[in-house]
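Undergrad: return atomic coordinates for the entry below.
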Amino acid sequence: MDKISIGGLIMGVIAIIGGQVLEGGNISSLAQPTALLIVFGGTLGAVMLQNPFEVFKRGIHMTRWVWMPPVVDHKRIIAEIHNWSQISRREGLLALENFINRSPDLFTKRALQMLVDGADPERLREVMEVEIDSYEDELRQGAKIWESAGGYSPTIGILGAVMGLIHVMENLSDPSKLGAGIAVAFVATIYGVGAANLIFLPIAGKLKHHIQRLVKARFMLLDGLAGIATGDNPRLIESRLKGYTF
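TA: Predicted coordinates for the structure are as follows:
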């Protein structure tokens with residue numbers, strides 16, 4: 001559980017509500033279902049229109065990383081590669097074939113299979129780097145739906161404000177309806193700007209951070225396997241891989 005994400009969201013909400021209370025405002029005045037529907041419904045529609053279904057689904061699915069980050073164990077990766085390098089040094093590359101089916105990660109399986117098949121180190125890097133680039137691109141497309149939401153939300157909030165003002169102008173002859181229209185106008189702007197800067201853009205930033213961690217772990221693994229293919233000393237490989245953990 002990523003406690004700092006939970007703490008940051010709670011702190012942001014408390015700061016806004018607390019500021020409203022300290023200014024003598026009523027918390028209930030921030031609760032405007034109409035403004036909520038306009039901003040969040042409009043933002044959702046715009047994001048769905050912009051992105052293919054698979055990209056949208058991936059972005060929503062990745063949101064859990066904000067609260068439950070993907071596990072990247074650098075020490076385990078280094079230990080595994082060090083072990084593989086020692087085995088290959090003693091028994092040859094074919095001895096690593098037993099480890100292919102033990103790995104739950106398809107990337108590791110494919111890289112190990114190429115290594116066992118005797119692929120040239122440069123060829124191994126070339127093929128697997130293409131897969132890493134494709135993997136990173138897919139994840140970043142998922143993260144971008146939250147960036148898109150952060151871009152659309154303030155604009156749709158302004159749209160809600162204009163709609164509220166239109167409602168006010170239509171009811172100038174009835175003062176009892178002016179308050180509701182003005183409330184929707186200002187609260188829609190708050191929802192739009194607040195959601196973008198407290199939710200959507202921070203989520204996009206946190207997802208990008210985790211994507212970088214996952215991609216670095218794959219490059220780390222590839223670097224180690226390429227070192228094994230080259231015949232580097234296990235200690236040298238281990239020392240080089242530790243540089244990824246700084």
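Undergrad: okay, the residue nearest the centre of the chain: pLDDT?
TA: By C-alpha atoms, centre = their mean, the mean C-alpha position of the chain lies nearest to L207, the distance being 1.9 Å. The model reports L207 with a pLDDT of 97.
Undergrad: swap in F200?
TA: So, for F200, pLDDT stands at 96.
Undergrad: and stretch 205-217, how far out from the chain's middle?
TA: How far stretch 205-217 lies from its chain's middle: 7 Å, per C-alpha atoms, centre = their mean, to the nearest Å.
Undergrad: name the element I156 belongs to?
TA: helix 121-170 (DSSP states H and E).
Undergrad: and that helix, what's its mean pLDDT?
TA: Helix 121-170 carries an average pLDDT of 92.
Undergrad: other SSEs contacting it?
TA: helix 33-36, helix 42-50, helix 53-62, helix 106-116, helix 178-195, helix 201-230 (3 or more C-beta pairs under 8 Å, 6 or more residues apart in numbering; DSSP states H and E). C-beta: built from backbone N, CA, C; applies to glycine.
Undergrad: helix 42-50 and the helix or strand bottoming out on mean pLDDT in the chain, what's the angle between them?
TA: Within the chain, confidence by mean pLDDT, DSSP states H and E is lowest for helix 178-195 among all helices and strands, at a mean of 80. In terms of direction (axes from the mean of the first three to the mean of the last three C-alpha atoms, to 10 degrees), helix 178-195 departs from helix 42-50 by 50 degrees.
Undergrad: and for this protein, the residue most distant from the center?
TA: For the chain, the residue at maximal distance from the C-alpha centroid (C-alpha atoms, centre = their mean) is S173, at 49.8 Å.
Undergrad: now that residue: how far from A161?
TA: 22 Å (C-beta to C-beta, to the nearest Å).
Undergrad: try M62
TA: For M62, the distance to A161 - C-beta to C-beta - is 31 Å.
Undergrad: okay, those two: which has more neighbours?
TA: A161 (23 against 20; other C-beta atoms under 10 Å).
Undergrad: correct me, but the more buried one touches A183?
TA: No - applying C-beta atoms under 8 Å, one finds A161 not in contact with A183, separated by 10.7 Å.
Undergrad: returning to what we had before: how about the secondary structure of the residue farthest from the centre of the chain?
TA: With DSSP: H, G, I helix; E, B strand; the rest coil as the basis, S173 sits in coil.
Undergrad: what about it, distance to F219?
TA: From S173 across to F219, the span is 68 Å (C-beta to C-beta).
Undergrad: can you check K144 too?
TA: Distance from K144 to F219, by C-beta to C-beta: 22 Å.
Undergrad: those two: who's more crowded?
TA: Set side by side, K144 and F219 show more neighbours around K144, with 18 against 15, by other C-beta under 10 Å.
Undergrad: quick one, domains of this protein?
TA: Following automatic domain parsing, the chain resolves into domains at 1-31, 33-246.
Undergrad: most tightly packed of those?
TA: Most buried of the domains of the chain, by mean neighbour count (mean count of other C-beta atoms under 10 Å): domain 33-246, with a mean of 17.
Undergrad: quick one: it to chain centroid distance?
TA: Centre to centre, stretch against its chain (C-alpha atoms, centre = their mean), the figure for domain 33-246 is 4 Å.
Undergrad: hang on, I77 packs against E238?
TA: No - using C-beta under 8 Å, I77 is not in contact with E238; the gap is 10.7 Å.
Undergrad: give me the contact list for stretch 78-93.
TA: Applying C-beta atoms under 8 Å, 6 or more residues apart in numbering, the contact partners of stretch 78-93 are 95-96, 99, 115-116, 118, 220-221, 224-225, 227-229, 231-232, 234, 237-238, 241-242, 245.
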